[in-house]
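J.: dropping the sequence and predicted coords here.
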Amino acid sequence: MNDETDFIVVGAGAAGIMAACTGARQGLNVVLIEKNKTIGRKLAITGAGRCNLTNLSDVNQLVINTPGNGRFLYSAFQRLNSEALMDLFQRDLKLPLKVERGNRVFPESDRAQDVVGALAKELKDAGVQILTETKVTGLMIDSPEDADAGKRRVSGVKLHTGQELKSPMVLIATGGLSYPGTGSTGDGYMFARSAGHQVTELTPSLIPLETREKWVKQLEGLSLVNVEVRTIYEGKQLQSEFGEMLFTGFGVSGPIILSLSRTISPLVLHKPGSVLIEIDLKPALSKEELDLRVQRDFAKMVRKIYKNALDDLLPQKIIPVIIELSKIDPLKPVHQITKEERLRLVCLLKSLQLTIHNPRPIAEAIVTAGGVHTKELNPKTMESKLVSGLYFAGEVVDVDAYTGGFNLQIAFSSGYVAGQEAAKKLVVSRA
């Protein structure tokens, strides 16, 4: 291996691989450095092993679904939008894709490993040199007095072997703090700080939530579909989501909980228990309509006791919990249930409350919120405004999105831009 190269990419995840391939296809001599034994470790487990690699949405929708500094990514999304990304995978990488509910895009094979395999082949075909089981320990940056016009310049990276690998351009694409087993252990934040960059507060995003109520343990494994969940903070409703959720031994998870967690997590980290969620088990019905439905069910089951009269209304597993929370005697004959008790049941079904105590540890988050401050990066190039030739892409930047393929689109788009711009910069410097 030569001690000098055109472009060093640190981190072989979605952003790093895309940047390396793009730069190499533009004529750069690229070295991709990965501390794991294999590339794409996190990619291989995303989407429950299926890899939801993007969301088929226009640029405005991509921005809207990126609550963490989505406007910063507008240019990157324009350069590589979801249609262009799908075209790249299907036409250039020969990987057939499919679009599912919510415009989520998956490989037809439902195998995340096929996405990794296609990208690995592209790296090879593009001539990218890959160094696995190689850890970067620091950046090499020229001191101000050695740099043109007083601006510092990156000059390479230091490796765990003691070797210094020189390059006029370096991309940091090391991911965040989520899933540390895949290599995302926060190295990129250390590199950013060493270069003088501000790293914003790091919090878990898209993460299961722990509740104070212990009855959730009884419902562990129960999945609810077509429910609405509302978040309440200091008496005010913040947002709501409709779809599927899951009860766990410690609290709640599932797609709509993960989406809501992006707002909830920072609130409860600063003040545990400050957020309530309300689960509407029957969102298609108003309270009045649900009351009529309950009356019809009770009339049909007039000879039964209360605990045996909810089978047509609710999943079997949740019935004992609802009975307990409704404070109606489970052995009470249905025809003896009062109007007040029935309306209390209706209100419970429309607003089953849980107190959110904490998010799960950040290591379990799908995405890390926070990162390298976007005000210190050029959104059109992903280059540092502080250090010439230093780029950042993907989760290490303070950008994050909702679940549904949006976060991988961020990684691919920002990596693509960094790879293209690095190539342009080298052409200019050689002119």
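T.: Here it is on my side, so go on. Numbers count the residues shown, from 1 in each chain.
J.: quick check: beta-bridge partners of Lys166?
T.: Beta bridges link Lys166 to Glu4, Gly156, judged by DSSP bridges.
J.: that one - how many residues pack around it?
T.: Around Lys166 there are 14 other residues, counting by other CB atoms under 10 Å. From N, CA and C alone the C-beta is placed, and that goes for glycine too.
J.: gap between it and Ser57?
T.: 41 Å (CB to CB, to the nearest Å).
J.: go on, Asp114?
T.: Noted for Asp114: a distance of 23 Å to Ser57, by CB to CB.
J.: and the two? which has more neighbours close in?
T.: Ser57 (22 against 18).
J.: OK, contacts around the more buried one?
T.: Asn65, Ser82, Asn103, Phe406 (CB atoms under 8 Å, 6 or more residues apart in numbering).
J.: once you drop chain neighbours, what's closest to the last one?
T.: Taking CB to CB, 6 or more residues apart in numbering as the measure, Phe406 lies nearest to Asn65, with 4.8 Å between them; neighbours along the chain are not counted.
J.: is it true that the one you found touches Leu56?
T.: No. In this structure, Asn65 is not within contact of Leu56 by CB atoms under 8 Å, at 11.9 Å.
J.: quick one, what contacts Gly40?
T.: Here Gly40 is in contact with Ala12, Gly13, Ala14, Ile17, Val115, Val116, Leu119, Ala120 (criterion: CB under 8 Å, 6+ apart).
J.: can you flag which of those residues belong to helices?
T.: Ala14, Ile17, Val115, Val116, Leu119, Ala120 (DSSP state H).
J.: the fourth one and Thr38, how far apart?
T.: Here Val116 is placed at a distance of 8 Å from Thr38 (CB to CB).
J.: Arg25 too?
T.: 22 Å.
J.: those two: which has the busier surroundings?
T.: Arg25 (18 against 14).
J.: contacts only, for the closest residue to that one other than its chain neighbours.
T.: Spatial nearest neighbour of Arg25, excluding adjacent residues (CB to CB, 6+ apart): Ala126 at 5.3 Å. Applying CB under 8 Å, 6+ apart, we find Ala126 in contact with Ala20, Cys21, Ala24, Arg25, Val30.
J.: Ala126 and Gln198: what is the separation?
T.: 34 Å.
J.: hey, where'd the helices end up in the stretch 101-250 of the chain?
T.: Taking DSSP state H, counting those that start in this stretch as the test, the helices found in the stretch 101-250 of the chain are 112-126, 187-194.
J.: could you dump the longest one to PDB, C-alpha only?
T.: The reference is to helix 112-126. Taking C-alpha atoms only, helix 112-126 is exported to PDB below (Å, rounded to 0.1, in the frame of the first residue of the first chain):
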ATOM      1  CA  ALA A 112     -30.000  -7.000   3.500                       C
ATOM      2  CA  GLN A 113     -26.900  -9.000   2.700                       C
ATOM      3  CA  ASP A 114     -27.700  -8.700  -1.000                       C
ATOM      4  CA  VAL A 115     -27.400  -4.900  -0.600                       C
ATOM      5  CA  VAL A 116     -24.000  -5.300   1.000                       C
ATOM      6  CA  GLY A 117     -22.900  -7.800  -1.600                       C
ATOM      7  CA  ALA A 118     -23.900  -5.400  -4.500                       C
ATOM      8  CA  LEU A 119     -22.000  -2.500  -2.900                       C
ATOM      9  CA  ALA A 120     -19.000  -4.700  -2.300                       C
ATOM     10  CA  LYS A 121     -18.900  -5.700  -5.900                       C
ATOM     11  CA  GLU A 122     -19.200  -2.000  -6.900                       C
ATOM     12  CA  LEU A 123     -16.300  -1.100  -4.600                       C
ATOM     13  CA  LYS A 124     -14.200  -3.800  -6.300                       C
ATOM     14  CA  ASP A 125     -15.200  -2.800  -9.900                       C
ATOM     15  CA  ALA A 126     -14.500   0.800  -9.100                       C
END
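J.: report the buried residues of that helix.
T.: Ala112, Gln113, Asp114, Val115, Val116, Gly117, Ala118, Leu119, Ala120, Glu122, Leu123, Ala126 (16 or more other CB atoms under 10 Å).
J.: from what I see, the second one and Thr46 are in contact.
T.: Yep, that's Gln113 we're talking about. No. Taking contacts as CB under 8 Å, Gln113 lies outside contact range of Thr46: 11.0 Å.
J.: which sections of this protein are below the confidence cut-off?
T.: By pLDDT under 70, the low-scoring segments of the chain are 1-3, 144-150, 183, 430-431.
J.: which element follows whichever strand or helix holds Glu288 toward the C-terminus?
T.: Assigned by DSSP states H and E, Glu288 falls within helix 287-300. Next in sequence after helix 287-300, counting helices and strands by DSSP H and E, comes helix 319-326.
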